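Peer 1: For reference, the sequence and a predicted model appear below.
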Amino acid sequence: MKIVFLGDSLTEGYGLSEQNCAWVNIISKEMKCEIINEGISGDTTLGMLSRLINIIEKYSPKYVFIMGGTNDLNFNMPNNFIFANINSITRILKKYNVEAIIGIPTKMIGDGKTIEGDYLKELINQYSINLREFLENDGLSYIDFFKLSQDFGDSDYLDDGLHPNEKGHKKMADYFLKNLEAVIGEYNK
């Protein structure tokens, strides 16, 4: 089994002292399958959509895990634009007989110091609600990191309040492994 993780900085592991501390890289040590981290800091869902065909052709994965939208929100893209990109990604994957798993990004704790930070925090909160509803209405499999991050505190984030630190990534890895079987059925641990 091969899983490609397509995403932004939350997938890549932005700001970590070592890339092997990123949650995707942590799970690669736990699972007996090939894990490919295609997270790129700053990527948007449109960027992920544009990279998708090359990734499918290069890796021929069984699953593609997609997590994005935070950067779209930062560029003031509306939810329906983001959902249209996610919908396009999942339809292309279906055409190639690749199963999609969607990740709902972690919350932002916000620094309370800027209007922009508080605004982005609220956009992310609303996005998580709308994304969950969209995924459930479309019957798509997902792993809800936003739900996990409800219990995160300052000690789980980098100073920006947006990106989890090593401790937060470890929690994300544990949560992913705990919820993976419910999403895709039995897999070879």
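Peer 2: Thanks, I have the structure now. Numbers count the residues shown, from 1 in each chain.
Peer 1: For stretch 167-187, the averaged confidence score.
Peer 2: Throughout stretch 167-187, pLDDT has a mean value of 86.
Peer 1: Let me know the distance separating residue 73 from residue 79.
Peer 2: Separation of residue 73 from residue 79 (Cβ to Cβ, to the nearest Å): 8 Å. Heads up, the C-betas are built off the backbone N, CA and C, glycines and all.
Peer 1: Residues in a beta bridge with the most centrally placed residue in the chain, which ones?
Peer 2: By Cα atoms, centre = their mean, the mean C-alpha position of the chain lies nearest to residue 67, the distance being 2.6 Å. On the basis of DSSP bridges, residue 67 is bridged to residue 7.
Peer 1: you'd agree residue 64 is up against residue 103?
Peer 2: No: look at residue 64 against residue 103 with Cβ atoms under 8 Å: they stay out of range, at 11.0 Å.
Peer 1: The two: who's more crowded?
Peer 2: Using other Cβ atoms under 10 Å, the more surrounded residue of residue 64 and residue 103 is residue 64, with 27 against 24.
Peer 1: so which strand or helix has that one?
Peer 2: Using DSSP states H and E, residue 64 sits within strand 63-67.
Peer 1: in the biggest helix by length in the chain, what's buried?
Peer 2: As assigned by DSSP state H, the longest helix anywhere in the chain is helix 115-138. Going by neighbour count (16 or more other Cβ atoms under 10 Å), the buried part of helix 115-138 is 117, 120-121, 123-124, 127-128, 131-132, 134-135.
Peer 1: cool, stretch 90-104 as well?
Peer 2: Buried residues in stretch 90-104 (16+ other Cβ under 10 Å): 90, 92-93, 98-104.
Peer 1: what does stretch 158-178 give?
Peer 2: For stretch 158-178, by 16+ other Cβ under 10 Å, it's 161-166, 168-169, 171-173, 175-177.
Peer 1: what helices or strands is the strand holding residue 64 leaning on?
Peer 2: For strand 63-67, the elements it packs on are strand 2-7, helix 9-12, helix 45-59, helix 79-95, strand 99-104, judged by 3 or more Cβ pairs under 8 Å, 6 or more residues apart in numbering; DSSP states H and E.
Peer 1: Now render those as a markdown table, adding distance to residue 154 and mean pLDDT.
Peer 2: Below are the helices and strands packed on strand 63-67 laid out as a markdown table (distance: least, Cβ to Cβ, whole Å; pLDDT from 0 to 100):
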| stretch | distance to residue 154 | mean pLDDT |
| --- | --- | --- |
| strand 2-7 | 24 | 97 |
| helix 9-12 | 18 | 97 |
| helix 45-59 | 28 | 98 |
| helix 79-95 | 28 | 97 |
| strand 99-104 | 21 | 97 |
